[in-house]
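S.K.: Following is a predicted model, sequence given first.
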Amino acid sequence: MLVIGRDNGLIKSVNRRVCRDLGLPAEEIAGQNYRKIFRPEFISVYERLAAGCEDGQEHTVLYYWAEMALWEQISARVIQLDSRPHTLMSVTQITESARSKYRAESVAYFDNLLKLPNGRKLEEDINELASVETVTLIYLVLERFEDINNLYGWDNGDRLLKQVRDWLLTSETRRAQLYRVDNGFAVLGRHATLEEAEDRSREILERFSRPWSLPAGANRLSLYCTIKLGIVSGQYVRNEMRNLLLRTIRTAKKSAAGYSVYDEQADREAKRSIRCRDSLITCIFNGMQGFEVRYQPIVELETGRWRALEALCRWTMPDGTEIEPSYFIGLAEHLALIERLDSWVRATAMRQCVALGLDRRDFVLNVNFSPTQSLDDLFIAGLLKSLGETGFPPDKLNLEITESARMNFDEKTITGLRRLKENGIILTLDDFGTGYSSFANLTRVPADSLKTEKLFLDDLVRDRHGQYFMRTLADMAHYLGLKMIAEGVETREQLEVLRGFQVDYAQGYLFSRPLSYEELRQESRRF
Ligand code: C2E
Ligand code: CA
């Protein structure tokens, strides 16, 4: 038997049995805060029960103490002592039938490793609350946890989880319940404000800025572990709690404080991006539903004639929403669906240009090659096959390639590029001068032209440095026998400056926006 003050957490009285289990005399236990005296596992059991009995009923759990190989039934209810609320707990050993009931319950509601209630229990506990106005939920997920398992072994991963659990239980000052939810931990505060949850989040983040020390033979293993942390409070707690927690922490890295607080606007966006991703996968596999190729002309500055078209992909979701190309291209790259998408864009563009008779004119078709793909034999074979099937001449196809962290021009890539050139295909270094592009590559890569990004044109008219840069790039390109294409030309002034630098080609809204197939048909005589 054990009596603990509900408002101050102090142990009011204990019986002999508890003293014996704890190995301490009653004088050393009474008057202490239970968090100082009990083991984390028992703290967890106590707090779960204490929170449960707020409804005025008696609550009981069955518990297995692994170290003592002992099953116990632990009951709790609220009593008044000296006009203050206390929790009265009684502990008794249990019978075989109660044990099997416990087993069934523990499988469904408890995390076996950490002996904590699980996400299902959290959902039920939240559903049982009369009101969620004053409720807060903190959710934290250990990042890199798989790495820790892989590098240090599952045993150490488990030890780390237990240490985190123990710290979360013993450092909690308000009465909050800890749960193990999916791959993380959730802290349910039943009478807590958002400010309190934010304070606690800062404390948790602070603890994770220091190492965790695990026993490793005679030594100790010191590990740093980073977390993602999100808070959901008030009425939102009821709202598909587990998905909400995940969506909340997805934005965690974005807040400077290191944690994120659920807000409806951010959630709507997170939901939108999930829906968009799901729809992109379905549409790509479902015959490229909603996709279209647009064509933006590239103009020869000396003559003012249209000389090439860049094929640019467009996608409209089934609900009619047009999605920004850089967004869905990035998603497709992330989902490893870009090869499928790009080969469709190439084949469609080649087929449509052949249908308009452009393959027989003085004309080149530029297509983008995503830097996340690899320029291997499979890619080259696919491209040649597509050229063969559409009847498009290889020497009128220009592949625009951007260097990136994933696509550095190593020997394998250069070999691939040479093979493309042997087949007559033209090569352009895209977005040159931004990101990863390196001048060393200009002499190594068998390119025919380089294309500069719109960024350089923005200050071209006003900024002297911008002009020096563009002029130097143009001179260098010409010196190396490359043509230079300026992208994103919007004004006459920009055009005049580029003409002065002998830039060969330009592309931009000044000449034309990307055109649909129908619009291109009407303009096709320009080639
Ligand atoms: P990018 O390769 O640099 O393509 C040029 C982008 O600049 C296009 O944007 C084009 O519409 C835009 N642009 C052209 N002239 C102007 C101008 O004067 N002003 C402004 N503000 N913008 C101009 P878009 O179509 O939104 O494409 C964005 C990026 O998405 C492309 O950048 C390219 O990296 C990628 N992308 C588009 N279609 C495909 C595709 O089929 N495959 C792959 N792998 N990437 C694609
Ligand atoms: Ca491009």
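M.R.: Cool, got the structure. Numbers count the residues shown, from 1 in each chain. Ligands and ions are numbered 1, 2, ... in the order given.
S.K.: okay, CA-based contacts and neighbour counts for the rest of this
M.R.: Noted.
S.K.: Can I take it that residue 521 is in a strand?
M.R.: No: going by DSSP: H, G, I helix; E, B strand; the rest coil, the assignment for residue 521 is helix, not a strand.
S.K.: wait, what's in contact with it?
M.R.: By Cα atoms under 8 Å, 6 or more residues apart in numbering, the contact set of residue 521 is residue 356.
S.K.: Then residue 114?
M.R.: 161, 162, 165, 180.
S.K.: Count the residues that sit near residue 485.
M.R.: Residues near residue 485, counting by other Cα atoms under 10 Å, number 26.
S.K.: Mind listing the residues bridging to it?
M.R.: Beta-bridge partners for residue 485, by DSSP bridges, are residue 451, residue 505.
S.K.: Please apply the same query to residue 232.
M.R.: Bridge pairing for residue 232 (DSSP bridges) gives the partners residue 137.
S.K.: my guess is it contacts residue 262, does it?
M.R.: Yes: at 5.2 Å, residue 232 counts as touching residue 262 under the criterion of Cα atoms under 8 Å.
S.K.: Mutual contacts of the two, please.
M.R.: With Cα under 8 Å, 6+ apart, residue 232 and residue 262 have common neighbours residue 248.
S.K.: more crowded one of these two?
M.R.: The neighbour comparison of residue 232 against residue 262 (other Cα under 10 Å) goes to residue 232, with 26 against 21.
S.K.: which residues sit in contact with the more buried one?
M.R.: 136, 137, 138, 245, 248, 261, 262.
S.K.: Against ligand 1, how distant is the nearest residue to residue 162 once chain neighbours are set aside?
M.R.: The spatially closest residue to residue 162, leaving aside those adjacent along the chain, is residue 114, at 6.3 Å (Cα to Cα, 6 or more residues apart in numbering). Relative to ligand 1, residue 114 is positioned 46 Å away (Cα to the nearest ligand atom, to the nearest Å).
S.K.: Looking at the contacts of residue 114, which are in helices?
M.R.: Among the contacts of residue 114, the members found in helices (DSSP state H) are 161, 162, 165.
S.K.: ok, of those, which come out buried?
M.R.: Using 16 or more other Cα atoms under 10 Å as the burial test, the ones in helices among the contacts of residue 114 include 161, 162, 165 as buried.
S.K.: need the contact list for the first one.
M.R.: In this case it means residue 161. Counting by Cα under 8 Å, 6+ apart, residue 161 touches residue 114.
S.K.: Swap in 10 Å and give it another go.
M.R.: By Cα atoms under 10 Å, 6 or more residues apart in numbering, residue 161 lies in contact with 113, 114, 142, 145, 155, 167, 184, 185.
S.K.: How about the contacts made by the third one?
M.R.: Residues in contact with residue 142 (Cα under 10 Å, 6+ apart) are 161, 164, 183, 184, 185, 208, 225, 226, 227, 228, 229.
S.K.: Give me the three-state assignment for the fifth one.
M.R.: Same thing as residue 185. Relying on three-state DSSP, one would call residue 185 strand.
S.K.: hey, where'd the helices end up in the stretch 101-250 of the chain?
M.R.: Here the stretch 101-250 of the chain has its helices, by DSSP state H, counting those that start in this stretch, at 119-128, 145-152, 154-170, 194-208, 241-250.
S.K.: among those helices, which is nearest ligand 1?
M.R.: Closest approach to ligand 1 among those is made by helix 241-250 (24.5 Å; Cα to the nearest ligand atom).
S.K.: Doesn't residue 429 belong to a helix?
M.R.: No: under three-state DSSP, residue 429 falls outside any helix and is assigned strand.
S.K.: Next, work out how far apart it and ligand 1 are.
M.R.: 10 Å.
S.K.: so of the helices of the stretch 101-250 of the chain, which one's packed in deepest?
M.R.: With neighbours taken as mean count of other Cα atoms under 10 Å, the helices of the stretch 101-250 of the chain reach their highest mean count in helix 241-250, at a mean of 20.
S.K.: State the next helix or strand along the chain beyond that one.
M.R.: Once helix 241-250 ends, the next helix or strand along the chain (criterion: DSSP states H and E) is strand 259-261.
S.K.: which helices and strands sit right next to that following strand?
M.R.: strand 136-142, helix 194-208, strand 227-233, helix 241-250 (3 or more Cα pairs under 10 Å, 6 or more residues apart in numbering; DSSP states H and E).
S.K.: just so I have it, where are all the strands in the stretch 201-350 of the chain?
M.R.: For the stretch 201-350 of the chain, strands defined by DSSP state E, counting those that start in this stretch occupy the ranges 212-216, 219-223, 227-233, 259-261, 291-300, 306-316, 322-323.
S.K.: Up against ligand 1, what does the protein have?
M.R.: With Cα under 6 Å from any ligand atom as the criterion, the chain meets ligand 1 at residues 312-313, 325-326, 329, 342, 345, 368-370, 487-490, 507-509.
S.K.: Swap in 8 Å and give it another go.
M.R.: Within the chain, the positions adjacent to ligand 1 are 293, 296, 310-314, 324-327, 329, 338, 341-342, 345-346, 367-371, 400, 430-431, 453-454, 487-490, 507-510, 512-514 by Cα under 8 Å from any ligand atom.
S.K.: Many thanks, we can stop here.
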